[in-house]
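**Q** sequence? don't have it. structure:
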């Protein structure tokens, strides 16, 4: 750790530094990030891009009195470092350590938590309006990446800002990337602004001017350059039409310019947007060369940037490979993602069928309605969206897809616990919100091969369907040469038994098998069932076992409340069965970040917990049987 | 019915008419709408505004080959009339009759159904891309009101259109109103365009020019006027930045201009937006004088526009009155709606506390995140959003409000069956999607007085809460002088009993009482319980009755799957009780439009159904008791 960095205990310490020291501090922070994240993993690229920006913000504004928000907030590591969390920074994303995103419970300086894109402007407006009502003086600053402007919530907020407040600062952190390279008209628009000659000239001169005349003059120049360019490009139009005064674009790595600009913006009495150009991964060649990889990653070699290959096929890769196979045979299959081509695996599909690949930006709702539109014309769209982000599209799933019985397939990666990313990224609610929607078929595969079968099944259905599967590597099972469609609503009985029926949903099958083994060791006959379908449930299978067993056990990587186990007890109740059900899943609380196995043990998502609950039920039956015998 | 109108059996018939005949037809349609809707109720104002626009669209394009979408589609009545549904039009919104919105199952000419705003551009883009992939020649036209552009999905779509297709027509139907007058920067922007002098001059001359030179020339003039105005206003900028060529604004009641313009737009080889100015309620003075009332209403006197007063206080009025009382005493209470001030009752709150009232446009997600932002600063926001529209904000409720434990109150009007509006407007899923979210307190009042108590309770909670209550009039119960906070998670036992415990959620209490009466008549002792809380459930009450009764019955105005009854059986299962539960609620299918009582009877949401299911359970217990006795 650098010596300057060691001396920073709060933003106040930063305010004593001159520009030369701040520049040195920036380099120390970069080195510290590269070294620390090489062990913990994390969002290296985005944070390397905002070192100077964050330093300048904290040099000028006074958190926690002033409110500083970061959209998504994966780029708030430097903010964490500068606000008293340097000594714990090596615990980031580690069990019990700092969260990888802003968290209100972690620090007073984290005024707003996030993890999903597009919320910063809305939340900041709420804070600005609250300040206005209370007669406060504090500043509210929302830092949002260019990707945030592909999301509709940002526009809904923009439509309201000028009407609701006179004082709010939006910083557009423009690095041309979301997780993947940004798409759409907004991205092109920003790019055109940035590559305009007027601005380039301005850039070159800005540094000299700021040194000679200080901030105010530089701002005047900025405004003038902007106005000059208007005749050709109207670069500020988009935001000025929304009532925000537009400044920039300025170099996001020029500390004096940033500091002087923020000082000036503090004095402005109307909402403003400052367009800042930053370079994702700045100062670290491997990150500059591998933008997607270094957006967010696990541990790596700090010298080379190399990561260990995980060796096993992921669910995402299986999804992509299967989709290529199916699309080769069916030219109606099209694939849609909302800025997650890498994480969902769709970037592996794209080269095979570039015309049938659509990345619509961080726009989950539009993705689903767009899919519905294609489905009306006989296409078979798959929406590849993480479970937690698909929450955004709940209404279009109900209103556009299921109500119209359109055959859209939702492939939800990261269903279940997401681990290191924490509560904003766990996919623990999808069964609860999808199961109640009429018409949908909801599946969960036990392994990669079954994922392929379920995709084949989904594309043959006349209506909507969803498949939930976990993040990361699969079981390593061999895949069949060709995927087979599964009978709808039929579970797979892996092993028969008569005392207890254990249902392990999707990746929970191994826990079901482990529990069965233990119970068999205790002398019980245990059935192990892979339900495959959350909806429609295999009622015949349930009815059969309800007549024989003393108890059911359900395992699911989902919230217990409203989850798969709940579906099972609803079904048993409807058939008049009183056989008890032990439901194992996540408790009714938000689950922190950490290692999946640790968290499962801590929260009772375990074979042990199932054993504790089911044994008394089996013992009592054995006793009754003995008495009866 | 007019004689011209009678001769129109399909859009083909329309194509034989000259402009004079079309104008006559327009007047016949207006008269027909005014007379017919005076009996059925419906969206009169919006449809009177688009008579000429719809005639022109069908005169130029060829549905169903060409794809014509209406955003929300409450303004598609004329489209229905022109596409073979004239003879059934008097059944609109009536049981078994035409739906009030577009419905794919109703006609081939309805290529896309809707009911929630902001989806038309996305769905149309899906169809345009599908056409491009298939090599089709058809046109895709999305008609969207100015209000649709306060919604984020429209912007997510705009961001994609130019990138994905070269041919798509967006018609901006600009009447300055959503249900209420539009808000925000977009509305101001449109207004500025429209009131600009250059355009006004153009308007005046357009009519003359079109008569002399025909359509192409008019378009040239339109473009020129637009370009001239750019120097001052850049009126087309917003859409042109998104890559759509902008035409207009043109008079939406000038049939020749509309027809010629659409003919020209058919020939354009890039995405276009035509800005059309219409007058909501045109041709009917009561609708022009009462814009909000005539957006959508029940039966009225066609001569005067007068409606019968409903006489009783609505839930929405109680909500508003209570909010005024509570806000009088607590200056931290603020109220937020998403373009529903009238329907939610907030327009009654506004004059009392104008600075604490916020209408953010049709922007449910932003509304909730904005509320979360205010809550972080010590305010107590209430979001008044219908149950079905709150589906839009599911992710912000999880990610911004509940995860951060922020005390936002969600007041959901129209929870339960919405009746005439049909499946897009029923609020049958909110328990299923909200109950699984940690931290939330979820309530349902049995009457208006209890709604006030629950609001009082909600504002005293340290975290998030939601209250669901039905559309329309309450029970007529007298209200207490002052609302009282309720004990959290405690049910109200209305009547004790020992054979069966009947839980009637919210407005279903009368059904519970009726069932109890019938069972008592048959000699059973029935408890009647008003659960008040869906979450947290009153476990103590459930445990007590579980020891005594032979069965529980739950009544809810919500989907059975994942609903309140499901919460009860989860709880009983967790406490090891095997007492059967008869769950009465809506089956797992989308419910059509109709009268609430009819639909309840048809779908088994009834005392009769409960009686059929619960009687055998009680008889078998009586028999056991007799045998044991």
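**A** Happy to help now that I have it. As the structure is a prediction and not an experimental result, all values here were calculated from the model.
**Q** can you tell me which residues contact the closest residue to chain B within the stretch 1-150 of chain A?
**A** Distance from chain B to each residue of the stretch 1-150 of chain A (Cβ to the nearest Cβ) is smallest for residue A:126, at 2.1 Å. No exception for glycine: its C-beta is placed from N, CA and C like everyone else's. Residues in contact with residue A:126 (Cβ atoms under 8 Å, 6 or more residues apart in numbering or on different chains) are B:369, B:370, B:371, B:372, B:373, B:374, B:375, B:376, B:377, B:381.
**Q** assumed it was part of a helix.
**A** Yes: using DSSP: H, G, I helix; E, B strand; the rest coil, the assignment for residue A:126 is a helix.
**Q** now do it against residue B:373, distance only.
**A** Distance of residue A:126 to residue B:373, given as Cβ to Cβ, to the nearest Å: 2 Å.
**Q** re the thing from before, inside helices: which ones of the contacts of residue A:126?
**A** Mapping the contacts of residue A:126 onto helices (DSSP state H) picks out B:369, B:370, B:371, B:372, B:373, B:374, B:375, B:376.
**Q** follow-up on the earlier one: out of the contacts of residue A:126, who's nearest chain A?
**A** Nearest member of the contacts of residue A:126 to chain A, counting by Cβ to the nearest Cβ, is residue B:373, at 2.1 Å.
**Q** got the contact list for that closest one?
**A** A:112, A:122, A:123, A:124, A:125, A:126, A:127, A:129, A:130.
**Q** if you rank the residues you listed by neighbours, which is first?
**A** Highest neighbour count within the contacts of residue B:373, by other Cβ atoms under 10 Å in any protein chain shown: residue A:126, with 34 neighbours.
**Q** pLDDT below threshold where in the stretch 201-350 of chain A?
**A** Low-confidence segments of the stretch 201-350 of chain A (pLDDT under 70): A:201-237.
**Q** spell out the residue ranges of the helices in it.
**A** A:215-233, A:237-241, A:255-265, A:285-289, A:315-329, A:341-344, A:346-349 (DSSP state H, counting those that start in this stretch).
**Q** same question, the stretch 351-500 of chain A
**A** A:364-376, A:387-390, A:394-396, A:430-435, A:448-460.
**Q** look up the pLDDT of the residue positioned nearest the centre of chain A for me, please.
**A** The centre of chain A sits closest to residue A:425, judged by Cα atoms, centre = their mean, with a distance of 4.9 Å. Listed pLDDT for residue A:425 reads 96.
**Q** ok, how many other residues are close to the residue lying closest to it once chain neighbours are set aside?
**A** Closest residue to residue A:425 apart from its sequence neighbours, by Cβ to Cβ, 6 or more residues apart in numbering or on different chains: residue A:418 at 4.1 Å. Residue A:418 has 25 neighbours, counted by other Cβ under 10 Å.
**Q** residue A:418 touches residue A:472, doesn't it?
**A** No: applying Cβ atoms under 8 Å as the test, residue A:418 and residue A:472 come out as separate, 9.3 Å apart.
**Q** what strand or helix carries the nearest residue to residue A:46 once chain neighbours are set aside?
**A** Leaving aside its chain neighbours, residue A:46 sits nearest to residue A:75 (4.1 Å; criterion: Cβ to Cβ, 6+ apart). Using DSSP states H and E, residue A:75 maps to neither a helix nor a strand.
**Q** and residue A:75, what does it touch?
**A** The contact partners of residue A:75, by Cβ under 8 Å, 6+ apart, come to A:43, A:46, A:47, A:49, A:50, A:143, A:145, A:173.
**Q** redo that, cut-off 10 Å
**A** Going by Cβ atoms under 10 Å, 6 or more residues apart in numbering or on different chains, residue A:75 touches A:43, A:45-50, A:53-54, A:101-102, A:143-145, A:173, A:175, A:278, A:280.
**Q** could you pick out the buried ones from those?
**A** A:43, A:45-50, A:53-54, A:101-102, A:143-145, A:173, A:175, A:278, A:280 (16 or more other Cβ atoms under 10 Å in any protein chain shown).
**Q** check what pLDDT residue A:147 gets.
**A** Confidence score, pLDDT, at residue A:147: 90.
**Q** in PyMOL, select just the buried ones from the ones in helices among the contacts of residue A:126.
**A** To isolate the buried ones among those in PyMOL, judged by 16+ other Cβ under 10 Å, type:
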select buried, chain B and resi 369+370+371+372+373+374+375+376
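**Q** rewinding a little: okay, the helices of the stretch 351-500 of chain A in TSV with mean pLDDT next?
**A** TSV is the format used below for the helices of the stretch 351-500 of chain A (pLDDT from 0 to 100):
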stretch	mean pLDDT
helix A:364-376	98
helix A:387-390	98
helix A:394-396	98
helix A:430-435	98
helix A:448-460	98
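**Q** what segments of the stretch 1-150 of chain A are helices?
**A** Counting by DSSP H, counting those that start in this stretch, the helices of the stretch 1-150 of chain A are A:3-6, A:11-14, A:19-40, A:44-49, A:51-60, A:77-80, A:120-134.
**Q** make a markdown table out of those helices and add mean pLDDT and distance to residue A:559.
**A** Shown next, in a markdown table, are those (pLDDT from 0 to 100; distance: least, Cβ to Cβ, whole Å):
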| stretch | mean pLDDT | distance to residue A:559 |
| --- | --- | --- |
| helix A:3-6 | 93 | 41 |
| helix A:11-14 | 96 | 38 |
| helix A:19-40 | 97 | 28 |
| helix A:44-49 | 96 | 30 |
| helix A:51-60 | 98 | 35 |
| helix A:77-80 | 98 | 29 |
| helix A:120-134 | 98 | 25 |
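**Q** give me the longest strand you can find in chain A.
**A** strand A:551-559 (DSSP state E).
**Q** is it in proximity to chain B?
**A** Yes: on the criterion Cβ under 10 Å from any Cβ of the partner chain, strand A:551-559 is in touch with chain B at A:558, A:559.
**Q** partners of that strand, with directions?
**A** strand A:500-504 (parallel), strand A:581-586 (parallel) (DSSP bridges).
**Q** hmm, back to that, residues touching the residue nearest to residue A:425, list them.
**A** Per Cβ under 10 Å, 6+ apart, neighbours of residue A:418: A:115, A:386-388, A:424-428, A:470-472, A:591, A:593, A:596.
**Q** return the distance of it relative to residue B:36.
**A** 54 Å.
**Q** which of the helices of the stretch 351-500 of chain A sits most buried?
**A** Using mean count of other Cβ atoms under 10 Å in any protein chain shown, the stretch among the helices of the stretch 351-500 of chain A with the greatest mean number of neighbours is helix A:364-376 (a mean of 31).
**Q** what inclination does that helix have with respect to helix B:364-376?
**A** 160 degrees (axes from the mean of the first three to the mean of the last three Cα atoms, to 10 degrees).
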